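Asks: Give me coordinates for this.
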Amino acid sequence: MKRKRKNYTDEFKEEAVKLVTEQGYTISKASKNLGIHESLLRRWKNEFEPNSGSQKSKMADIIEENKQLKKKNRQLELEREILKKAAVFFAKEQS
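Replies: Numbering: from 1, shown residues only. Sure thing, here's the model as predicted:
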């Protein structure tokens, strides 16, 4: 028989993390009071902290965004060159 996984709201997760970060509870005490596993609360804490262990994933996102922006920039530069050439062509044609 499979267990059904509980889903917690972001608000619940944030409040649980605040128990540890702002109110001084230990992770074990807070998790016991909330009826959740310590590792779950520890993971939420890492997700909500700005300098958490997810720096690698943030860096990967930045690198991917940088690649996409460079590609878009090349496309826009090419389009601009085409428009410049078209403007010169039509200017000559009108003369």
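Asks: State the number of residues packed around residue 90.
Replies: 10 (other CB atoms under 10 Å). C-betas here are computed from N, CA, C, even on glycine.
Asks: nope, residue 79 is what I was after
Replies: 10.
Asks: same question, the one 10 residues further on
Replies: By the criterion of other CB under 10 Å, residue 89 has 10 neighbours.
Asks: Give me the below-cutoff pLDDT ranges for the chain.
Replies: Along the chain, segments meeting pLDDT under 70 span 1-2, 50-56.
Asks: Break it down into its structural domains.
Replies: 1-53, 55-95 (automatic domain parsing).
Asks: which residues of this protein fall in strands?
Replies: Ranges of strands in the chain, per DSSP state E: none exist.
Asks: Quick check: most distant residue from the centroid of it.
Replies: Within the chain, the residue lying farthest from the chain centre (CA atoms, centre = their mean) is residue 95, at 54.4 Å.
Asks: That one and residue 85, how far apart?
Replies: According to CB to CB, to the nearest Å, residue 95 stands 16 Å off from residue 85.
Asks: give me the number of residues near residue 22?
Replies: Residue 22, neighbours per other CB under 10 Å, totals 9.
Asks: So what does it have for phi and psi?
Replies: phi -110, psi -30 (degrees, to the nearest 10).
Asks: do the same with the one 4 residues further on
Replies: Note on residue 26: backbone dihedrals following degrees, to the nearest 10 are phi -80, psi 160.
Asks: That one reaches residue 20, doesn't it?
Replies: Yes - assessed by CB atoms under 8 Å, residue 26 is found in contact with residue 20 at 7.3 Å.
Asks: the more surrounded of the two?
Replies: Ranked by neighbour count (other CB under 10 Å), residue 26 and residue 20 place residue 20 first, with 20 against 11.
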